[in-house]
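Novice: Fold the following for me, if possible:
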Amino acid sequence: MFDPYAILAWVIFGSLGVIYVAYGKWKDLWQPKVLGFALMFFPYFIPSGFWLWTVGVILSLAIFVAKD
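Specialist: Predicted coordinates for the structure are as follows:
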């Protein structure tokens, strides 16, 4: 059975990933695109709820570090 918090994490981080990719495409920057795709696809490889939220928050905040 799926954990409701894991499903919530998938929705939140997937939505942020789509926003990051759109922003990167609009500004023609590769860093937001890469972070966006990472946010959209990392939940497929992390089964643990704790690590899902931890990696998701780190990737979400990495946009502030990855600016040119």
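Novice: in the host helix or strand of Leu39, what counts as buried?
Specialist: Using DSSP states H and E, Leu39 falls within helix 30-41. Neighbour counts using 16 or more other C-beta atoms under 10 Å place Gln31, Pro32, Lys33, Val34, Leu35, Gly36, Ala38, Leu39, Met40 of helix 30-41 among the buried residues. (Glycine included, C-beta is placed from N, CA and C.)
Novice: now for it, which elements pack on it?
Specialist: Contact here means 3 or more C-beta pairs under 8 Å, 6 or more residues apart in numbering; DSSP states H and E; on that basis helix 30-41 packs against helix 4-27, helix 49-61.
Novice: on that earlier part again, for the buried residues of helix 30-41, give me JSON lines that also has distance to Ser48 and pLDDT.
Specialist: What follows is the buried residues of helix 30-41, written out as JSON lines (distance: C-beta to C-beta, whole Å; pLDDT from 0 to 100):
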{"residue": "Gln31", "distance to Ser48": "27", "pLDDT": "93"}
{"residue": "Pro32", "distance to Ser48": "26", "pLDDT": "93"}
{"residue": "Lys33", "distance to Ser48": "27", "pLDDT": "95"}
{"residue": "Val34", "distance to Ser48": "23", "pLDDT": "95"}
{"residue": "Leu35", "distance to Ser48": "21", "pLDDT": "95"}
{"residue": "Gly36", "distance to Ser48": "23", "pLDDT": "95"}
{"residue": "Ala38", "distance to Ser48": "17", "pLDDT": "96"}
{"residue": "Leu39", "distance to Ser48": "17", "pLDDT": "95"}
{"residue": "Met40", "distance to Ser48": "19", "pLDDT": "95"}
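Novice: ok so, going back, would you mind pulling the contact partners of the helix holding Leu39?
Specialist: For helix 30-41, contacts defined as C-beta atoms under 8 Å, 6 or more residues apart in numbering pick out 13-14, 16-25, 56, 59-60, 62-63, 66-68.
Novice: what's the angle between it and helix 49-61?
Specialist: Computed with axes from the mean of the first three to the mean of the last three C-alpha atoms, to 10 degrees, the direction of helix 30-41 lies at 160 degrees from that of helix 49-61.
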